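let me see the structure of the following:
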Amino acid sequence: MSPAPGRPPPDVSVLLPYRNGAATIGEALDSILGQRDVTLEIVAIDDGSTDDSPSIVRARAATDARIVRLESPRPGIASALVAGLDVARARLVARMDADDVSVPDRLARQLEHLATTPETDVCATQVEPFASASSGVGGGMRRYCDWQNRALTPEEHLLARFVESPVCHPSVVIRRELLARLGPWRDGPFPEDYELWLRLLASGARFRKLPERLYRWRVHAGQSTFRDARYSPESIRALRAEWLARELCARDRPVVCWGAGPTGTRLVRALEPHGVRVRAFVDIDPRKIGSTRRSVPVLPPTALQAHADVIVVAVGAAGARDLVREWLRARGFVEGPDFLCAA
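Alright, predicted model coming up:
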């Protein structure tokens, strides 16, 4: 179903793809329809549902003209989002998932920021993870949300991009012109949101996150994050390595990987098909120093010289990344030009 012609465009178009979301989509719709101080439309795209969620959306649309119903032409969230973008009428495009909740001032706060800060291309919000009564939010997800919530400025998002996806996908509002110029979501063996963020950031797009938890992110065992191969650690590592390799090759400097454990060696292995060969690993473990990994030596941190190599920090132990970052900064290494955190 297409929007009626002749109506003035709303302030924002909200793309809401769904598949078998009958248990939660009503709450998600209510949270967007209840947004304060904005005009909006919800483009709800059915991505192959086999439950009652299309009927729920149809019933809501019958009583609220702000809901536009679509069916995705092909399976997959990327195709559903592109189909929704094709009919969206606003110059600003927001995301929403069918199992989450937006607080009432979310969109007004984001649109206010985009109106007063024209250099911002993508505006996200901090998120609050929550779970159904029958389950809880695991420590790993809570740590990830805490890490993600700390990236607020464009510079912080840029530095975080090779660690993990630095924003929660359904919390964003994006300028439509940016998607028209650089391309929207793409389908492939990777997380469609992380691929988009890496592509936009590589092109100079500026991300900013509001320092308020305006989006409630539901965590449950059935969500794609936990069951779809595109969101597996291997798929994320391959995508990260592709874009990190582009960055490293453009710098044309020797590369050193800080981290001779599994995290570092897996990342280096993923970089190699893209033409990146590290000259050494660095580690603080005396049992590793003096040995080799991937046929190159493992050196102590004291062997590093500022501004000579590009150092990729790839350590897996909790808190280790921040300790390495502090050690490097204290010795004159600058994050970005001299070292990048990745994984």
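
got the phi and psi for Gln305?
phi -130, psi 130 (degrees, to the nearest 10).

just give me the neighbour total for it.
As a burial measure, Gln305 scores 11 neighbours (other CB atoms under 10 Å). Every C-beta, even on glycine, is put in place using the N, C-alpha and C of the backbone.

that one and Pro286, how far apart?
The span separating Gln305 from Pro286 equals 21 Å under the rule CB to CB, to the nearest Å.

pull out the buried residues from the one helix or strand Pro129 maps to.
Pro129 belongs to strand 122-131 when elements are defined using DSSP states H and E. Judged by neighbour count using 16 or more other CB atoms under 10 Å, the buried positions of strand 122-131 are Val122, Cys123, Ala124, Thr125, Gln126, Val127, Pro129.

could you do stretch 254-267 as well?
Residues of stretch 254-267 classed as buried under the neighbour-count rule (16+ other CB under 10 Å) are Val255, Val256, Cys257, Trp258, Gly259, Ala260, Gly261, Thr263, Gly264, Thr265, Arg266, Leu267.

among those residues, which one lies nearest to Leu328?
Nearest to Leu328 out of the buried residues of stretch 254-267 is Trp258 (CB to CB; 8.2 Å).

got a pLDDT number for the closest one?
You'll see Trp258 listed with a pLDDT of 98.

list the contacts for it?
Under the criterion of CB atoms under 8 Å, 6 or more residues apart in numbering, the neighbours of Trp258 are Gly264, Phe281, Val282, Asp283, Pro301, Ile311, Val312, Val313, Ala314, Val315, Val324, Phe339.

Ser102 against Leu214, yeah?
Yes - between Ser102 and Leu214 there is a contact under CB atoms under 8 Å: 6.9 Å.

looking at those two, which has the bigger crowd around it?
Between Ser102 and Leu214, Ser102 has the larger neighbour count (other CB under 10 Å), namely 25 against 21.

ok, for the more buried one, nearest residue in space, not its chain neighbours?
Counting by CB to CB, 6 or more residues apart in numbering, Ser102 lies nearest to Ser31, which is 4.6 Å off, once chain neighbours are set aside.

tally of neighbours for that neighbour?
Using other CB under 10 Å as the criterion, Ser31 is surrounded by 18 other residues.

before we move on, what about Glu155?
When neighbours are defined as other CB under 10 Å, Glu155 has 13 of them.

what helix or strand does it sit in?
Glu155 is part of helix 154-160, with elements assigned from DSSP H and E.
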